[in-house]
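Novice: sequence plus the predicted model coming up.
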Amino acid sequence: MKFKDYYEALGVERGATQDEIKQAYRKQARKYHPDVSKLPDAEAHFKEINEANEVLRDPEKRAAYDQMGSNYRAGQEFQPPPGWDAGFEFRGRGDDVGGDADFDPSDFFEALFGRHARQAGGRARTSRQAGGEDHHAKVLIDLEDAYRGGTRSIALRVPTIDAQGHVTLEERRLDVNIPKGIRAGQHLRLAGQGGPGLGGGPAGDLFLEIEFNPHPRFRVDGRDVYLDLPLAPWEAALGATVDVPTPDGALQLTVPAQSSAGRKLRLKGKGIPGQPPGDLYAVLTIALPPADTPSARDAYAAMAKAFDGFNPRR
Amino acid sequence: MKQSIDSVIGGPVVEEEIHLTLVELCRVCKVPEDEVRRWVGEGALEPIGEAPEHWRFAGASLRRTRVATRLARDFELNPPGVALALDLLDEIEALRAHLRRLAGGGTR
């Protein structure tokens, strides 16, 4: 296990006041909060600062961390010395952490502060019947899956409690039916696939948020799909019938004569299926053939002659 | 039918097929009812129905409420702040969608 420098994560000095820690956390959170940020590593980064904040904002956890950690550097191999936490009771925010379904601590955090805190959130030792918690997860599918529907195998990491009361993360595989026409940002509700109920109560539901894998060719906007369609100059000028790839196979598209770059040609109803289906837009681009042979250069020269007076900058 | 078919799980698309009551929405998003009432009061969520016990939230409220819950918690936002943040996020998303429609490659 690697040592984590929580001060470094938040960018504060070891002697920082609680106010400075709060300010540093907020500043980083505004930058990396997954709901606000589109930076590619936002989610992982936010997890780090959230965990650092979880420890440093709590005076008792911070004191314990300080006592143990002042000789370690970030990334250094680390094992908590036996009895390191004697004299500390991590009660402060423990219950809050338990109720916070999004908090996903690292092994390092768990080695220090345990995972038991997560279980303390209100449900423990109830003899009443209670429904299980609803769980949430994201699942990445291909755009093609939304066009055709189908089955996707997904892996979830689920905390489970063994006979000794230890919490471990277990991988659970589910084969999920992806309905045709589903769009990014929508949720599937899988009844009874969430947390187990207590005392014979019903299990919670699992809500799967759908996201599309980035596609090298297609861009998605709601139910509409966009792609860049390169044309040769003469195809754009004279018109042509060309093959257009769609997530559901190639189609033929008639490009009208005198088309210019940036023109959008709509293939009605060829977006993501549904009631109503989305549209597919081919955004025209014009590709110039290379002038790398004498005859190609001659052709360009002939064009220049034929279009004497044409100035694209005017 | 092959046996493996039985183990394939399916369910409704929340945004298309489901309306949630206040109680359901709060349970799914793990947020107190009072908080959601205040967000409705700010116009950040717009359920159908007059009294809270008759409210029906469209499926799209699920995502909105989850975002609101996280923003309120992580930034200690009050309900007007949550409403403002959600409106600004909507606006940013609309601008991003506009950018996506323009040529330029990439999927985001």
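Specialist: Arrived safely, thanks for sending.
Novice: where do the strands sit along chain B?
Specialist: Counting by DSSP state E, chain B has strands at residues B:8-9, B:19-20, B:57-58.
Novice: and the lowest mean pLDDT element among the helices and strands of the chain?
Specialist: You didn't say which chain, so I picked chain A. Sorting the helices and strands of chain A by mean pLDDT, DSSP states H and E puts helix A:94-99 at the bottom, at a mean of 37.
Novice: could you point out which element follows it?
Specialist: Per DSSP states H and E, the first helix or strand lying C-terminal to helix A:94-99 is helix A:107-113.
Novice: what helices or strands is that next one leaning on?
Specialist: With contacts taken as 3 or more Cβ pairs under 8 Å, 6 or more residues apart in numbering or on different chains; DSSP states H and E, helix A:107-113 sits against helix A:42-56, helix A:59-69. Placement of C-beta: from N, CA and C, glycine included.
Novice: could you export the strands of chain B to a markdown table, including columns for distance to chain A, mean pLDDT and mean neighbour count?
Specialist: Formatted as a markdown table, the strands of chain B follow (distance: least, Cβ to the nearest Cβ, whole Å; pLDDT from 0 to 100; neighbours: other Cβ atoms under 10 Å in any protein chain shown):
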| stretch | distance to chain A | mean pLDDT | mean neighbour count |
| --- | --- | --- | --- |
| strand B:8-9 | 5 | 88 | 16 |
| strand B:19-20 | 10 | 94 | 19 |
| strand B:57-58 | 12 | 94 | 20 |
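Novice: can I get these in JSON lines with distance to A:P59?
Specialist: Converted to JSON lines, those look like this (distance: least, Cβ to Cβ, whole Å):
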{"stretch": "strand B:8-9", "distance to A:P59": "45"}
{"stretch": "strand B:19-20", "distance to A:P59": "40"}
{"stretch": "strand B:57-58", "distance to A:P59": "40"}
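Novice: wouldn't A:I182 be in contact with B:V14 here?
Specialist: No - contact between A:I182 and B:V14 fails when scored by Cβ atoms under 8 Å: they sit 10.5 Å apart.
Novice: between those two, which contacts overlap?
Specialist: Common neighbours of A:I182 and B:V14 (criterion: Cβ atoms under 8 Å, 6 or more residues apart in numbering or on different chains): A:L188.
Novice: any idea how far B:E93 is from chain A?
Specialist: Distance from B:E93 to chain A, counting by Cβ to the nearest Cβ, to the nearest Å: 9 Å.
Novice: how many neighbouring residues does that residue have?
Specialist: Counted with other Cβ atoms under 10 Å in any protein chain shown, residues neighbouring B:E93 total 11.
Novice: check what pLDDT it gets.
Specialist: pLDDT, B:E93: 90.
Novice: what does stretch B:20-33 rub up against?
Specialist: So stretch B:20-33 is in contact with A:99, A:101, A:133-134, A:205, A:207, B:36-37, B:47, B:52-53, B:55-57, B:59, B:61-62, B:65-66, B:68-69, going by Cβ under 8 Å, 6+ apart.
Novice: quick one: buried ones out of those?
Specialist: With burial judged by 16 or more other Cβ atoms under 10 Å in any protein chain shown, the buried subset of the contacts of stretch B:20-33 is A:101, A:133-134, A:205, A:207, B:36, B:47, B:55, B:57, B:59, B:61-62, B:65-66, B:68-69.
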